[in-house]
Each structure stands twice: as structure tokens, then as C-alpha cells.
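[1] Take a look and give me a structure for this.
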Amino acid sequence: MKFKLIVLVLISILLITACGQKTLSEPITLHNQDQKEVTFPLEKPTVFFFITSYT
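    Predicted structure coming up:
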């Protein structure tokens, strides 16, 4: 049963990624903790870290 579930999930992921876009049409813009907009460029690969804290 567990093996069938894993196979089903992997096939679903494969289908979802196959239907997606190859590239983004517009840059990704997020807000930082100071409510300033931060834009990630599309020309080169970018790694960003998303850290949350609950206080």
C-alpha cells in the first residue's frame, strides 16, 4: 500500500511539472520584514532563504 502511494505521488509530481512553464514571464517580488519590496532577477539562477520566526 505504501509503495503504491509513493508511486502515485511521484507520477502526480511528474505530471504537474510537465504542465508548468519553463521560465517565468515576470520577476518575483517579495516583501522583507521592513515591508520593502525585494525583486529577484530572472537572468541568472538565484537562491533565497525564507526564515520565519514566531514571537
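
[2] Using CSV, write down the CA coordinates of the helix or strand that contains residue 16.
    If you go by DSSP states H and E, residue 16 is part of helix 2-18. In CSV, the C-alpha atoms belonging to helix 2-18 read as follows (Å, rounded to 0.1, in the frame of the first residue of the first chain):
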residue,chain,number,x,y,z
LYS,A,2,2.8,2.4,0.9
PHE,A,3,4.6,1.6,-2.3
LYS,A,4,1.5,2.4,-4.4
LEU,A,5,1.1,5.7,-2.6
ILE,A,6,4.7,6.7,-3.3
VAL,A,7,4.4,5.8,-7.0
LEU,A,8,1.1,7.7,-7.3
VAL,A,9,2.7,10.8,-5.7
LEU,A,10,5.7,10.6,-7.9
ILE,A,11,3.6,10.3,-11.1
SER,A,12,1.5,13.2,-9.9
ILE,A,13,4.6,15.4,-9.4
LEU,A,14,5.9,14.4,-12.8
LEU,A,15,2.6,15.4,-14.5
ILE,A,16,2.4,18.7,-12.6
THR,A,17,5.9,19.7,-13.5
ALA,A,18,5.4,18.7,-17.1
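
[3] centre of the chain versus the following helix or strand past it, how much separation?
    For helix 2-18, the following helix or strand on the C-terminal side (DSSP H and E) is strand 28-31. Chain-centre distance of strand 28-31: 13 Å, with C-alpha atoms, centre = their mean, to the nearest Å.

[4] elements contacting the very next helix or strand once past strand 28-31?
    Once strand 28-31 ends, the next helix or strand along the chain (criterion: DSSP H and E) is strand 37-40. Judged by 3 or more C-beta pairs under 8 Å, 6 or more residues apart in numbering; DSSP states H and E, strand 37-40 is in contact with strand 28-31. (Glycine included, C-beta is placed from N, CA and C.)

[5] mean confidence for the strand it packs on?
    Averaged across strand 28-31, pLDDT comes to 85.

[6] Low-confidence stretches in the protein?
    53-55 (pLDDT under 70).
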